[in-house]
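Chemist: sequence unknown, structure follows:
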């Protein structure tokens, strides 16, 4: 059998069945009645003890959503979603009121332990090998907000962060404790009317993280949120809002997994980022929702709206994503470059295998003067998957001196998959400089044979070539995540565990 | 025992027979040259020995140290000591040469049941080998063959040969695409790796290369067979008279 053919066979066999996070936690939960109505929205708002303004905001979004239709422009194909057949709220039943981490249901603690997420306040040390000749990696702390179905179950290091003036808490708490901040920023980047899924999220979002970094503060540790869908037939609609005030900096990581199930589950999140003058947010995602089995059954429908607003001058927002999971991914983390001299970055690795469908990319909207943006996208398609990059780079009439560099590379493994690139470029003033490069390649038999003649196995050869292909983007991830992501890439494509 | 023994080898590619019963015996320490016109089956022979997919062996056998080579997977052959220096080494963007060599060496060691070599130990070893072959260190940091000149690519092949310490080296058209200076440097590298335990099979179109890598035995291939074997003087004879005389003999 020719080498490539053999690789393709192997990838097809093991691919998505290799999903390691597919277990389910047996736990009693408190759910909203199935289906979506004004009552559902009121139920969620009441569960969260929300003020009246928040309920009004949700109801307005719900009423608007009723008038909207699901978008069809993306290159993804799925049966119609029955929005009345979904639970919009599910929370693990607390055994009593919690005052410390030790009182969290041990089943949930065990779940996060199995996923490798530290809910206890320990510094992360293990798993990082320093580069040859490089200094040993320093011990680093990561604060975690763990969201289980519709609620946040734990947020670590809150005291230490508070001392630095950083607010990091579940958004449901922030609505009660910091209403002035939430009211000032919520929905200002992704308005409730933005798009079908964002509007749905605005009506029914249940939890997510809220971050506020005060002026001049460099957040003393990485912040992260770990999302887990557990309950059957439940959608997860989280909402994240991060504000970096003048001259501040924060790096935020997000991870996602879900149990292995035959039916599809909906995940429609909204993330809003705001940077004021001279502030910077670095937002990294490793998305590993359950992708469905090797026949394309089951998996998460991931319809996500992520957008950052560089509101102040000299501000910066950088998105890095590693997308390996979900049956369907519909996601375009974007930057609005409003402040003069602001800059946006988008680094993406999107891997599709089995019957996965990915339609992902970014929008860089240049509004301010001398704004710059950079897009590096690496798509890898294997199995029978379809992988599309869709991007928009636009310069407003007044955005003089706007600059963009875009590089979109696609790698195909086998001949049953597809890679597509759909870039839109609009320059409304003559001083904009936009560069676009794109390549599509296949892992050729010659390359594989060369590696194998040097002693590498088929799997090792594919892993090596793929890791070389995504290297530019992996380098953008915080180190702990880069190691994790590299392993994940190997698992998604070949099954040999790194 | 001979190191490499090819017996009556018959090979097809897509229904067409390319090798029609080729035999060749190579002993430790020997350098064999295989010459012949385009299409005579020289490269096919090298690919089949290394185990490249796409060739169907319909008859004969290849023994390596008495073992049936055709039963082994290509990476197993590499671990046992069969090395092919490619005519056109591939480029692997994003993978540094040093990373590639480290991964390959460890894969071979693992297959032989040896311990993996650590990064610092490997770095020392590869630096030493590169130095002995006059290969600049910065080549190790670049992507595998990415942006390399023809001469650099061939030198990278020789570096790997030195590092993996194979028992049999097949050099497929090593002279193609090299100017005379690059050819001399590459040949010096190969000569430095000659040893009483190691055998080399040098496949070439032109006699020129054999001025620098002097063979013990010369074979002339035509239409899928070895039609004449002799000492190094046979190569000079060919240079004079060309391959035409053998076309009929085949």
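Modeler: The structure has been received and is ready for your questions. Just so it is clear, the structure is predicted and the values come from calculations on it, not from any experiment.

Chemist: okay, CA-based contacts and neighbour counts for the rest of this
Modeler: Fine.

Chemist: for the stretch 151-300 of chain A, which spans come out with low pLDDT?
Modeler: Applying pLDDT under 70 to the stretch 151-300 of chain A picks out residues A:151-154, A:230-233, A:256-262.

Chemist: The longest strand along chain A pairs with which strands, and in what direction?
Modeler: Longest strand in chain A by number of residues (criterion: DSSP state E): strand A:299-310. Strand pairing for strand A:299-310, using DSSP bridges, gives strand A:264-267 (parallel), strand A:270-275 (parallel), strand A:328-331 (parallel), strand A:334-337 (parallel).

Chemist: Buried deepest among those strands, which one?
Modeler: strand A:334-337 (a mean of 28; mean count of other C-alpha atoms under 10 Å in any protein chain shown).

Chemist: Quickly run through the sheet partners of the very next helix or strand once past that strand, with directions.
Modeler: Remark: after strand A:334-337, the chain's next helix or strand is strand A:343-352, criterion DSSP states H and E. Sheet pairing of strand A:343-352 (DSSP bridges) gives strand A:316-323 (parallel), strand A:372-381 (parallel).

Chemist: Take the ones you listed and lay them out in a markdown table including mean neighbour count and mean pLDDT.
Modeler: Converted to a markdown table, those look like this (neighbours: other C-alpha atoms under 10 Å in any protein chain shown; pLDDT from 0 to 100):
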| stretch | mean neighbour count | mean pLDDT |
| --- | --- | --- |
| strand A:316-323 | 26 | 92 |
| strand A:372-381 | 25 | 93 |
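
Chemist: now these as CSV including distance to residue A:60?
Modeler: What follows is the strands paired with strand A:343-352, written out as CSV (distance: least, C-alpha to C-alpha, whole Å):
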stretch, distance to residue A:60
strand A:316-323, 30
strand A:372-381, 34
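
Chemist: Report the spatially nearest residue to the residue in the stretch 301-450 of chain A positioned nearest to chain B, omitting neighbours in sequence.
Modeler: Chain B sits closest to residue A:447 of the stretch 301-450 of chain A, with a gap of 5.9 Å, by C-alpha to the nearest C-alpha. Excluding the flanking residues, the one nearest residue A:447 by C-alpha to C-alpha, 6 or more residues apart in numbering or on different chains is residue B:90, at 5.9 Å.

Chemist: Now do the SS call for that neighbour.
Modeler: Secondary structure state of residue B:90, per DSSP: H, G, I helix; E, B strand; the rest coil, is coil.

Chemist: for residue B:76, same thing?
Modeler: Note that with three-state DSSP, the state of residue B:76 is helix.

Chemist: From what I see, the residue of the stretch 301-450 of chain A closest to chain B and residue B:88 are in contact.
Modeler: No: using C-alpha atoms under 8 Å as the test, residue A:447 is too far from residue B:88 to be in contact (10.6 Å).

Chemist: quick one: the helices in chain A?
Modeler: For chain A, helices defined by DSSP state H occupy the ranges A:3-14, A:38-47, A:52-66, A:106-115, A:158-163, A:171-177, A:179-185, A:196-204, A:445-453, A:458-474, A:479-493.

Chemist: Just name the most buried of these.
Modeler: helix A:196-204 (a mean of 26).

Chemist: got the angle between it and strand A:299-310?
Modeler: Relative orientation of helix A:196-204 and strand A:299-310, computed by axes from the mean of the first three to the mean of the last three C-alpha atoms, to 10 degrees: 90 degrees.

Chemist: Any chance you could list what contacts helix A:196-204?
Modeler: With contact meaning C-alpha atoms under 8 Å, 6 or more residues apart in numbering or on different chains, helix A:196-204 is reached by A:40-41, A:44, A:57-62, A:64-65, A:68-71, A:88, A:190, A:192-193, A:237-239, A:268-270, A:303-305.

Chemist: Next to chain A in this structure, residues from chain B, please.
Modeler: Residues of chain B lying close to chain A (C-alpha under 8 Å from any C-alpha of the partner chain) are B:50, B:52-54, B:74-79, B:83-84, B:89-95, B:100, B:103-105, B:107-108, B:119-120.

Chemist: Buried subset of those residues, written for ChimeraX?
Modeler: A single ChimeraX command is used to select the members of the residues of chain B next to chain A judged buried by 16 or more other C-alpha atoms under 10 Å in any protein chain shown:
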select /B:50,52,53,74,75,76,77,78,79,83,84,89,90,91,92,93,94,95,100,103,104,105,107,108
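
Chemist: Verify the stated contact: residue A:380 with residue A:357.
Modeler: No: counting by C-alpha under 8 Å, residue A:380 stays clear of residue A:357, with 11.5 Å between them.

Chemist: tell me, what's touching the two both at once?
Modeler: residue A:387.

Chemist: Tell me which residue is most central in chain B.
Modeler: Centroid-nearest residue in chain B, with C-alpha atoms, centre = their mean: residue B:170, separated by 1.9 Å.

Chemist: if we can go back for a sec, list the buried residues for the longest strand of chain A?
Modeler: Neighbour-count burial for strand A:299-310, counted by 16+ other C-alpha under 10 Å, picks out A:299, A:300, A:301, A:302, A:303, A:304, A:305, A:306, A:307, A:308, A:309, A:310.

Chemist: In TSV, list those along with distance to residue A:361.
Modeler: Converted to TSV, these look like this (distance: C-alpha to C-alpha, whole Å):
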residue	distance to residue A:361
A:299	21
A:300	19
A:301	17
A:302	14
A:303	13
A:304	12
A:305	11
A:306	11
A:307	12
A:308	14
A:309	17
A:310	18
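
Chemist: nearest to residue B:195, of the residues you listed?
Modeler: Closest to residue B:195 out of the buried residues of strand A:299-310 is residue A:299 (58.9 Å), distances taken as C-alpha to C-alpha.

Chemist: Pretty sure that closest one sits against residue A:289.
Modeler: Yes: counting by C-alpha under 8 Å, residue A:299 touches residue A:289, with 7.5 Å between them.

Chemist: what do those two both touch?
Modeler: Applying C-alpha under 8 Å, 6+ apart, one finds that residue A:299 and residue A:289 are jointly contacted by residue A:326.

Chemist: Can you name the residues bridging to residue A:388?
Modeler: Beta-bridge pairing of residue A:388 under DSSP bridges involves residue A:359, residue A:420.

Chemist: what about it, how many neighbours?
Modeler: Other residues lying near residue A:388 total 26 when counted by other C-alpha atoms under 10 Å in any protein chain shown.

Chemist: give the contact list for it.
Modeler: Applying C-alpha under 8 Å, 6+ apart, the residues near residue A:388 are A:75, A:358, A:359, A:360, A:379, A:419, A:420, A:421, A:422.

Chemist: Can you name the residues that contact the second one?
Modeler: For residue A:358, the residues meeting the contact criterion (C-alpha under 8 Å, 6+ apart) are A:75, A:76, A:328, A:329, A:330, A:350, A:352, A:386, A:387, A:388.

Chemist: Tell me the confidence at the fifth one?
Modeler: pLDDT for residue A:330: 93.

Chemist: just checking, it touches residue A:300?
Modeler: No: Residue A:330 sits out of contact with residue A:300 when judged by C-alpha under 8 Å, with a separation of 11.1 Å.

Chemist: Out of the strands paired with strand A:343-352, flag the one nearest residue A:483.
Modeler: Closest to residue A:483 of the strands paired with strand A:343-352 is strand A:316-323 (C-alpha to C-alpha; 12.0 Å).

Chemist: Before I go, just wanted to say thanks for your time.
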